[in-house]
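A.B. asks: Here is my input; please provide its structure:
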Amino acid sequence: MKRFARLEEILRMDPHQDALEIHRLSTAYEFPWDYTRALELALYRTYAVPSIGQLLAETAELTDRAQKRYDDTSLLLDAVVEHGFGSEQGRTAVRRINQMHRSYDISDDDMRYVLCTFVVMPKRWIDAYGWRRLSRHEIIATAVHYRALGRHMGIKDVPESYEDFEECLDTYEAAHFAWDEDARRVSDATLDLMASWYPRPLAPLLRTATLALLDDSLLRSFRYRPPSPATRTLVRGAVRARGRVVRLLPPRRAPHFARQNREIKGYPNGYRLNELGTWPVPGTCGCPVPRSKRSAAEGAE
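C.D. replies: Residues are numbered from 1 along each chain as shown. Below is the predicted model of the structure:
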C-alpha cells in the first residue's frame, strides 16, 4: 500500500454520510499516536476553566484516581469510534458517559466546551506535528462525529461545523480561562500521571517537555513558569521531526485503538465494559467482578 492510499480512500467517501468510517480511518490508521496526544491535551486544557477544574478536584477523580480516570475516559470514547453509535459497545459507552455526567451539576456550556476540545485540538495538533495535515474530509467527519456524540449526550446547541466548534472553543476560553488553586492541583496531578508512564529519573524532563507544548494562555491560567524559548523550540522541533519520520514509513496495515496504548495501565489483562463502568477481567486484580457488573460487550485484547 502506498503512503497516501488511505487518504485517497477517505477522499472518495462522503464526509457526512461516512463520517464514522472516515474518523476511524484517521484515528486508528493514519494518526493514532497524534490523536492520543491531542486528546490528552484537549482534556487537560479544560482544567483551566475553574468550574471544570474545581469539580474534578472535588470528586478527586484526577487527583486520587488519575490513572483510572484517564483509562476509563479513553476506553469509553474509543469504544464509540471502534464500534459505532449503533453497536452494543457504543450504546453502552454512551450510556455510561451520560450516567457519569448526570452525577454532577455540570452546565451545558461546560459540556459543550469540552466537546469542542475533542474536535479542535486534534486538528491543531496534527496540523502542527502530524506527518501530513488533515484533509477537509477528515475535518468535516470529525465535526459530524462529535456533533452526533453531543446529541447522544443531550448537550444543547452543539456547533454545526468545524469552524463553529473552533469559534465556540476560542470564545469560551477567552471568557473563562482563569487561575484556580483546585484546578492547579488537578493539573499537577495530570502532569505527574504523564510522567509516571516513563522511568522515574525522566520525570522532571518530561514535565518540562509537556509544559513546552502548552500555549501561553494555559501556562498563565495555571501560573506555570514558561519554559525558555530554546526549550520550546527543541521540544516542538523534536515532535515535528517525529512526524517527518512517520511520513517516510509504510502506512499502518492494522488499526491501533486506544485500548492498545501503553498508557492504559489500569487493565493489564483486559477489561469489560457495561453501564456501571469499566471493569477488569475477573481474577486479574485479585477480586472477581460481580456477575451483575459483567458485560456482554467485552473489550479485552
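A.B. asks: Distance check, Leu20 against Val81.
C.D. replies: The spacing between Leu20 and Val81, counted by Cβ to Cβ, to the nearest Å, is 8 Å. Where C-beta positions appear, they are placed from N, C-alpha and C, glycine not excepted.
A.B. asks: Quick check: closest non-adjacent residue to Met13.
C.D. replies: Of all residues not flanking Met13 in the chain, Ile22 sits nearest, at 5.6 Å (Cβ to Cβ, 6 or more residues apart in numbering).
A.B. asks: Who are the contact partners of that neighbour?
C.D. replies: 10, 13, 15, 137-138, 141 (Cβ atoms under 8 Å, 6 or more residues apart in numbering).
A.B. asks: Show me which of those is closest to Pro122.
C.D. replies: Glu138 (9.4 Å; Cβ to Cβ).
A.B. asks: Can you report how many residues neighbour the closest one?
C.D. replies: Counted with other Cβ atoms under 10 Å, residues neighbouring Glu138 total 26.
A.B. asks: Could you do Val235 as well?
C.D. replies: Val235: 18 surrounding residues under other Cβ under 10 Å.
A.B. asks: repeat for the one 10 residues further on
C.D. replies: The burial count assigned to Val245 is 10, neighbours taken as other Cβ under 10 Å.
A.B. asks: Surely it is in a helix?
C.D. replies: Yes. Counting by DSSP: H, G, I helix; E, B strand; the rest coil, Val245 falls inside a helix.
A.B. asks: ok, it to Ala238 distance?
C.D. replies: For Val245, the distance to Ala238 - Cβ to Cβ - is 11 Å.
A.B. asks: do the same with Arg3
C.D. replies: 22 Å.
A.B. asks: now Ser26
C.D. replies: 23 Å.
A.B. asks: So if I had to pick from those two, which one is more boxed in?
C.D. replies: In this view Ser26 and Ala238 are compared by other Cβ under 10 Å, and Ser26 has more residues nearby, 27 against 12.
A.B. asks: residue contacts, that one?
C.D. replies: 10, 35, 134, 138, 141-142.
A.B. asks: 6 Å instead, please
C.D. replies: Glu138 (Cβ atoms under 6 Å, 6 or more residues apart in numbering).
A.B. asks: Let me know the distance separating it from Thr208.
C.D. replies: Taking Cβ to Cβ, one finds Ser26 at 30 Å from Thr208.
A.B. asks: max-length helix in the protein?
C.D. replies: The single longest helix within the chain, with elements called by DSSP state H, is helix 108-129.
A.B. asks: quick one: average pLDDT of that helix?
C.D. replies: For helix 108-129, mean pLDDT is 97.
A.B. asks: what sits up against that helix?
C.D. replies: Identification of contacts with helix 108-129 by Cβ under 6 Å, 6+ apart yields 31, 34-35, 38, 41-42, 46, 51-52, 133-134, 139, 142-143, 146, 150, 155-156, 165-166, 168-169, 172, 239-240, 243.
A.B. asks: And stretch 74-93, by the same measure?
C.D. replies: 20, 24, 27, 96-97, 257-259, 273, 278, 297.
A.B. asks: Same check on stretch 38-57?
C.D. replies: Here stretch 38-57 has contacts from 62, 110, 114, 117-118, 121-122, 125, 176-178, 180, 182-183, 185-187, 190, 218, 221, using Cβ under 6 Å, 6+ apart.
A.B. asks: starting at the chain centroid, how far to that stretch?
C.D. replies: Relative to the centre of its chain, stretch 38-57 is centred 12 Å away, using Cα atoms, centre = their mean, to the nearest Å.
A.B. asks: Numbering from 33 from now on, please.
C.D. replies: Sure, I'll start counting at 33 from here, so that last one is stretch 70-89.
A.B. asks: Figure out the length between the terminal residues of that stretch.
C.D. replies: Terminal residues of stretch 70-89 are spaced 22 Å apart (Cα to Cα, to the nearest Å).
A.B. asks: Buried by neighbour count: which residues of it qualify?
C.D. replies: For stretch 70-89, the neighbour count (16 or more other Cβ atoms under 10 Å) marks 70-89 as buried.
A.B. asks: from the contacts of stretch 70-89, which would you call buried?
C.D. replies: Among those, those buried by neighbour count (16+ other Cβ under 10 Å) are 94, 142, 146, 149-150, 153-154, 157, 208-209, 212, 214-215, 217-219, 222, 250, 253.
A.B. asks: mind saving the C-alpha coords of stretch 285-292 as CSV?
C.D. replies: Output of stretch 285-292 as CSV, limited to C-alpha atoms (Å, rounded to 0.1, in the frame of the first residue of the first chain):
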residue,chain,number,x,y,z
ARG,A,285,-1.9,-2.1,7.9
ALA,A,286,-3.7,-2.9,11.2
PRO,A,287,-5.8,-0.4,13.3
HIS,A,288,-4.5,0.9,16.6
PHE,A,289,-7.2,1.8,19.1
ALA,A,290,-6.8,3.5,22.5
ARG,A,291,-7.2,0.2,24.3
GLN,A,292,-3.9,-0.8,22.8
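A.B. asks: I'm done for today, thanks for sticking with me.
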